[in-house]
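**Q** below is the sequence, then the predicted model.
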Amino acid sequence: MPTYGEEARRGFYLRGLGYYFTFSDHLDLTLTGGYYTLGSWEVQAISRYMKRYKYSGNMNFNYAKVRSGDKGDADFINQNTYQIQWTHTQDPKANPGSTFSASVNLASSGYSKYSATNLTDMLSTQTNSSIAYSKSWAGTPFSLAMNMAVSQNSQSEAISATLPNISFNVSKFFPLKRRVKQGADRWYEKISMSYSTKMSNAVSATEKDIFTKETFKNMRNGIQHSIPVQASFTLFNHLNITPNVNYTERWYFKKVERQWNPETNKVDVLDPEYGFYRLYNYNSGVSMSTTLYGMWQVKEKYKDFKLQAIRHTISPQMSFSYTPNFGNQKYGYFQTIQSDSTGKTMTYSPFSENAYGTPTSGQNMSLSFSLSQSLEVKVKSDRDTTGVKKIKIIDDLSISGSYNFLADSMKLSTLSIGLRSTLSKKF
């Protein structure tokens, strides 16, 4: 049954008149509509669906023709508005290894202002929508995730969308490990690697420009591959060595170049050039660490002393890293052009407008180091069942820094020193 009333903008109304349909035990539909005496009208469709132990969701579609005021007046309104809402939830036990969910709330910019009939929709200026799917294959290191997201602002009419965002991952594995193990692992069997790839396509525009040629030209997209490789060895039974190499490759499909225009005395941004562009970078490093223990115990003839033992632990760490200079002109990732009439120059990347940026320019070769130590004692205690209680005098006393071999000056960084200690149970 409908409801009736009056609105200042649209006049007297009769709305909510409709019919309820039951198609099956799993699906229903409610169709309603409304009419306003000043020429506006609206329709609404609400559907719910559910399959026990599988999935459930609902969909809501609203469409309205809004007419208010007289044609030619400053406050005259004549526009179509819409709202689409969809939620979907999958039962976790329905399909182990994969998930699918949706939370969609799309609306035209005028819906909350002119067509909304509840307080929540009237006050809402920001709406967000997302659809996500993930899949993992049992017994394998492979996993896949996909999602789409849209954000709208009804006041500024701005829309930000990521359509789609896809990632595929291969978790850490040991490519050289023997299938049938005999004896201890060999050094090359400790080499591990993983792989991940991401694909993204993002765009930002206003509601009226979202499907224009300019919007498609400004899309930020691309594909990025990452392959980290590392190993872990123990030398002389005490020194832990961890070498690593990281390789990243980006695939882009457009570049935007710039050039100095002597007629206008400014830098012009040229039209995008479409094609296939491959950008790569890598870095390598090695880290070393160990732990040293020093112990002093009271001699037997002094066993009546309250102090029974002192334990000193020292953990030195050192790491070396190297990154080549991918800002070198031979790679073509950066270009230098004139930037003003005095002859000054600027360096830019034609690929900076894509999804994952560019490799960093500048060569880096540095050594990082740290030394951490702790101090604890054993004292006699009548309250402890063992007769001895451990007390930490210094939880951690550390010093760390780095040395940049390629810096022009001040190669040694500021040294950082920290002390952490527990003075009592409360402090």
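**A** Happy to help now that I have it.

**Q** what about residue 106, distance to residue 122?
**A** According to Cβ to Cβ, to the nearest Å, residue 106 and residue 122 sit 17 Å apart. For glycine as for every other residue, the C-beta is placed from the backbone atoms N, C-alpha and C.

**Q** do residue 409 as well
**A** 62 Å.

**Q** ok, now residue 174?
**A** For residue 174, the distance to residue 122 equals 59 Å [Cβ to Cβ].

**Q** repeat for residue 287
**A** Counting by Cβ to Cβ - residue 287 and residue 122 are separated by 58 Å.

**Q** re the thing from before, residue 106 and residue 122: which has the busier surroundings?
**A** residue 106 (16 against 13; other Cβ atoms under 10 Å).

**Q** please report the distance of that one from residue 131.
**A** In terms of Cβ to Cβ, residue 106 sits 11 Å off from residue 131.

**Q** same thing with residue 81?
**A** As judged by Cβ to Cβ, residue 81 and residue 131 stand 23 Å apart.

**Q** with residue 344 instead?
**A** In this view, residue 344 and residue 131 are 48 Å apart by Cβ to Cβ.

**Q** so between these two, which is more surrounded?
**A** Just comparing residue 344 and residue 131: by other Cβ under 10 Å the higher neighbour count belongs to residue 131, 18 against 8.

**Q** contacting residues for the more buried one?
**A** Counting by Cβ atoms under 8 Å, 6 or more residues apart in numbering, residue 131 touches 101, 102, 103, 104, 147, 148.

**Q** for the helix or strand in which it is found, list every residue counted as buried.
**A** Here residue 131, judged by DSSP states H and E, is contained in strand 126-136. Buried residues in strand 126-136, counted by 16 or more other Cβ atoms under 10 Å: 127, 129, 130, 131, 133, 136.

**Q** tell me which of those is nearest to residue 393?
**A** residue 136 (47.8 Å; Cβ to Cβ).

**Q** thinking again about what came up before, least confident of the buried residues of strand 126-136?
**A** Within the set of the buried residues of strand 126-136, pLDDT is lowest for residue 127 (87).

**Q** nearest spatial neighbour of residue 48, chain-adjacent residues omitted?
**A** With Cβ to Cβ, 6 or more residues apart in numbering as the criterion, residue 48 has its nearest non-adjacent residue at 4.5 Å, and that residue is residue 58.

**Q** tell me if that neighbour really is in a strand.
**A** Yes - judged by DSSP: H, G, I helix; E, B strand; the rest coil, residue 58 forms part of a strand.

**Q** change the start of the numbering to 6 and stick with it
**A** Okay, residue one is now 6; in that scheme the one you just asked about reads as residue 63.

**Q** so what's it up against?
**A** Counting by Cβ under 8 Å, 6+ apart, the residues that residue 63 touches are 51, 52, 53, 54, 90, 91, 92.

**Q** mind listing what's buried in stretch 231-240?
**A** 232, 234, 235, 236.

**Q** what's the answer for stretch 378-389, then?
**A** Neighbour counts using 16+ other Cβ under 10 Å place 378, 379, 380, 382, 383 of stretch 378-389 among the buried residues.

**Q** and if you look at stretch 61-68?
**A** Across stretch 61-68, burial judged by 16+ other Cβ under 10 Å covers 62, 64, 65, 67, 68.

**Q** out of these, which one sits closest to residue 10?
**A** Closest approach between the buried residues of stretch 61-68 and residue 10, by Cβ to Cβ: residue 67, at 18.0 Å.

**Q** list the pairing partners of whatever helix or strand the closest one lives in within its sheet, with orientation.
**A** In the assignment (DSSP H and E), residue 67 maps to strand 60-73. Strands that pair with strand 60-73, judged by DSSP bridges, come out as strand 46-56 (antiparallel), strand 82-95 (antiparallel).

**Q** now those strands as CSV including mean neighbour count and mean pLDDT?
**A** Listed next are the strands paired with strand 60-73 as CSV, based on neighbours: other Cβ atoms under 10 Å; pLDDT from 0 to 100:
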stretch, mean neighbour count, mean pLDDT
strand 46-56, 16, 95
strand 82-95, 16, 92
